[in-house]
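Participant: for reference, the sequence and a predicted model appear below.
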Amino acid sequence: MKNCIFCKIIKGEVPYDKVYEDNDFLAFLDISPLNPGHTLVVPKKHYRWVVEVLKFGEYWEAAGKIAKAVQKILKTDSINFIVLGYEVSHAHIHIIPRFNDDDLGWTIDWSKRKKIKRKEMEKIADDLRRALRK
C-alpha cells in the first residue's frame, strides 16, 4: 500500500530498530513505546486486519517467540499482546512488556508512552536479535 508506514518500513524506506525477520514477518521496536522493548510484529505482505493474514498461526508463533525473548532480556513481570488495528491500517501485533510498577493500568493507558534514548533502543534491539538467534 502506497502511504502505509509499515509498508515503507518493510521496504527499508523508513529507519527502524529490527528485532526479528523471516520470509513472512518483520518485528521492530515501537518508536513511541509504552515500555522499553515494546515491539510490533507485522506481516511483510499488506493486510488490513490481523485476522486476514493467511499464515495466521505462524504469525502468532513468531509473536510468541519474540515475546519470550522480550521477557527474558527485559526481565518483565508479564507480556501483553494487543491487536487494535486502528492507528495504522496494516495488520500488527503489539508485544508490550509489563512491569508491576509500570503505571500503565489494567486496561493500558496509551497516553503513557515513553521517550527512550536512541542508544537504549539500539541496545534493546541488539539484545533481542541476539536472544532470538539462539
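Facilitator: Now that the structure is in, tell me what you want to look at.
Participant: the longest helix along the chain packs against which elements?
Facilitator: If you go by DSSP state H, the chain has its longest helix at helix 56-74. If contacts are counted by 3 or more CB pairs under 8 Å, 6 or more residues apart in numbering; DSSP states H and E, helix 56-74 sits against strand 18-21, strand 25-29, strand 39-43, strand 78-82, strand 93-98, helix 118-133. Glycine gets a C-beta too; all of them are placed from N, C-alpha and C.
Participant: the inter-axis angle of the longest one versus strand 39-43?
Facilitator: Helix 118-133 runs at 60 degrees relative to strand 39-43, counting by axes from the mean of the first three to the mean of the last three CA atoms, to 10 degrees.
Participant: what angle sits between helix 118-133 and strand 93-98?
Facilitator: Going by the same axes, to 10 degrees, helix 118-133 makes 110 degrees with strand 93-98.
Participant: run through the bridge partners of the closest residue to residue 62 other than its chain neighbours.
Facilitator: Spatial nearest neighbour of residue 62, chain neighbours left out: residue 25 (4.8 Å); criterion: CB to CB, 6 or more residues apart in numbering. Taking DSSP bridges as the rule, residue 25 bridges to residue 43.
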